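Peer 1: predicted model and sequence follow; I will ask about them next.
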Amino acid sequence: MNNFEETCSLRTDGDLPLVKFKSKVTGLTVFVSEFDGPLVNGYLCVATEAEDDDGLPHTLEHLVFMGSEDYPYKGVLDQLANRCLASGTNAWTDTDHTCYTMTMAGARGFLNLLPVYLDHVLYPLLTEAAFLTEVHHINGEGEDAGVVYSEMQARENTGESLCMLGLLRTVYPAPCGYGYETGGLMKNLRESTSNKKVKMYHRSFYRPENLCVIVTGSVAPAEVLKAIEPIELKIISKGARKPFVRPWQRPLPPLPASTDLVVPYPCDDDDHGLVYVAYRGPPLKLYRDIAALLVLEDYLTDTSMSPLQKLFVETEDPYCSMVKARFIENRECCFYFVFENVTKRKLPLIKDTLIKALGEIGQDPGRVDLDRMSVVIQRRKLRILNQMETCPHETVASNVIGDFLYGDTVDD
């Protein structure tokens with residue numbers, strides 16, 4: 001059986017091969033980058049979109065490891081992974097996707113484990129007992145407990161998390177999945193998140209049309225497709241599925257005007273604070289514009305000689321201890337600056353000072369040191385090539401996930 005057809009083939013930065021396949025029957029997408037090395041990595045990526053703060057993407061990520069239809073016991077996946085010379089299995093939940101990972105020494109064990117892992121992702125048990133244990137319950141001391149709940153309890157009320165959530169809710173006004181807490185807020189985990197909702201969420205998003213299998217390392221594409229064949233047959237045997245609506249296709253609500261937001265948070269020191277300044281960027285497909293903005297962020301903040309570092313940090317009366325520029329890869333991107341350990345009296349001054357400085361640089365091209373800009377561009381190129389050399393698995397997967405989530409054509 002050969003349901004897969006090759007839709008794209010190219011060579012990446014660092015001259016690594018990358019081939020894309022898509023099943024004509026189930027819609028399952030497979031990327032394979034074959035290169036020499038002792039390890040084979042796998043990434044099972046599902047596009048996910050939250051509609052509230054119940055944390056369904058994060059909750060489901062945990063429950064996938066609690067057993068599947070063909071392997072109905074907790075821990076079987078990790079035991080099999082260890083027998084296949086793996087360092088275990090793992091996963092992460094991002095705003096726009098959930099990704100399940102595995103790393104193997106050699107291709108043989110990887111190919112044996114891949115269909116087992118896919119069975120857990122597509123056909124988990126999602127039992128009520130697993131939900132209570134893993135997500136939220138009341139323990140013997142009358143306290144809220146659960147692995148997911150404890151994770152969120154550790155970070156929900158930190159300054160960084162509260163500021164970031166406030167920033168995203170402002171830059172991407174509701175209703176928009178980018179503005180929700182995909183990990184789940186503690187109040188929601190206690191009161192509204194349920195196993196029934198998790199099952200409905202899985203039914204909506206964990207479908208073969210919405211799943212991307214990324215394989216990197218010393219393994220041939222034909223071997224990967226052969227290993228996937230059993231799960232492909234199982235999907236077909238389940239019969240027809242409801243029509244599929246791809247996530248992240250709705251237009252984003254416009255950002256009406258500039259907004260200032262004050263976010264109080266608990267801390268040991270009330271003499272310093274955080275300042276986040278964010279901009280809604282261009283659509284992700286405007287690659288040249290985004291590349292230019294990323295280079296500009298490096299120019300503005302990367303060293304002590306950068307304009308914003310000299311203005312805010314390297315001065316006799318500093319505003320803060322550090323200024324960083326960051327980028328969020330959404331359908332419409334977000335660029336933002338983070339100012340850490342800002343002295344209390346200067347908290348209200350950061351925004352206007354930053355806007356004035358950026359305006360002066362934009363209005364007077366002579367303020368841009370072209371020699372240093374050339375160095376910044378060259379350094380970013382070298383950093384990309386270095387990433388392809390030192391961590392090719394993660395670098396290839398990161399770029400492929402972006403294409404899977406937002407790409408529509410071969411050119412993308």
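Peer 2: Ah, there it is. Computed from a predicted structure; not experimentally measured. Numbering: from 1, shown residues only.

Peer 1: now do the contacts for Asn188.
Peer 2: The contact partners of Asn188, by C-beta atoms under 8 Å, 6 or more residues apart in numbering, come to 52-55. Any C-beta I mention is one placed from the backbone N, CA and C, and that applies to glycine too.

Peer 1: in a markdown table, list the residues you listed along with pLDDT.
Peer 2: As requested, the contacts of Asn188 are exported to a markdown table (pLDDT from 0 to 100):
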| residue | pLDDT |
| --- | --- |
| Asp52 | 96 |
| Asp53 | 97 |
| Asp54 | 98 |
| Gly55 | 97 |
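
Peer 1: name the nearest of the residues you listed relative to Glu134.
Peer 2: Lowest distance from Glu134 to those (C-beta to C-beta) belongs to Gly55, with 12.0 Å.

Peer 1: ok, for that closest one, nearest residue in space, not its chain neighbours?
Peer 2: Spatial nearest neighbour of Gly55, excluding adjacent residues (C-beta to C-beta, 6 or more residues apart in numbering): Gly184 at 1.8 Å.

Peer 1: and the helix or strand that contains Phe335, how far out from the chain's middle?
Peer 2: For Phe335, the element it lies in under DSSP states H and E is strand 332-343. In terms of C-alpha atoms, centre = their mean, to the nearest Å, the centre of strand 332-343 is found 19 Å from the chain centre.

Peer 1: and that strand, average pLDDT?
Peer 2: For strand 332-343, mean pLDDT is 96.

Peer 1: list the buried residues in that strand.
Peer 2: Using 16 or more other C-beta atoms under 10 Å as the burial criterion, the residues of strand 332-343 that qualify are 332-340, 342.

Peer 1: avg pLDDT for stretch 193-213?
Peer 2: For stretch 193-213, the per-residue pLDDT averages 97.

Peer 1: now it - C-alpha only, CSV.
Peer 2: The C-alpha trace of stretch 193-213 is given here as CSV (Å, rounded to 0.1, in the frame of the first residue of the first chain):
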residue,chain,number,x,y,z
THR,A,193,-12.1,21.8,32.8
SER,A,194,-13.6,18.3,32.4
ASN,A,195,-12.7,15.0,30.8
LYS,A,196,-15.7,15.4,28.6
LYS,A,197,-14.3,18.6,27.2
VAL,A,198,-10.9,17.0,26.7
LYS,A,199,-12.5,14.2,24.7
MET,A,200,-14.4,16.7,22.5
TYR,A,201,-11.2,18.7,22.0
HIS,A,202,-9.3,15.5,21.0
ARG,A,203,-12.1,14.6,18.5
SER,A,204,-11.9,18.1,16.9
PHE,A,205,-8.1,18.5,16.6
TYR,A,206,-6.3,15.1,16.9
ARG,A,207,-7.1,14.0,13.3
PRO,A,208,-4.8,12.7,10.6
GLU,A,209,-5.5,15.7,8.5
ASN,A,210,-4.2,17.9,11.4
LEU,A,211,-1.2,15.8,12.3
CYS,A,212,2.3,16.2,11.0
VAL,A,213,5.1,13.6,11.5
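
Peer 1: could you check how far the residue lying farthest from the centre of the chain is from Lys310?
Peer 2: Relative to the centre of the chain, the most outlying C-alpha is that of Glu316, 38.9 Å out, by C-alpha atoms, centre = their mean. Taking C-beta to C-beta, to the nearest Å as the measure, Glu316 falls 12 Å from Lys310.
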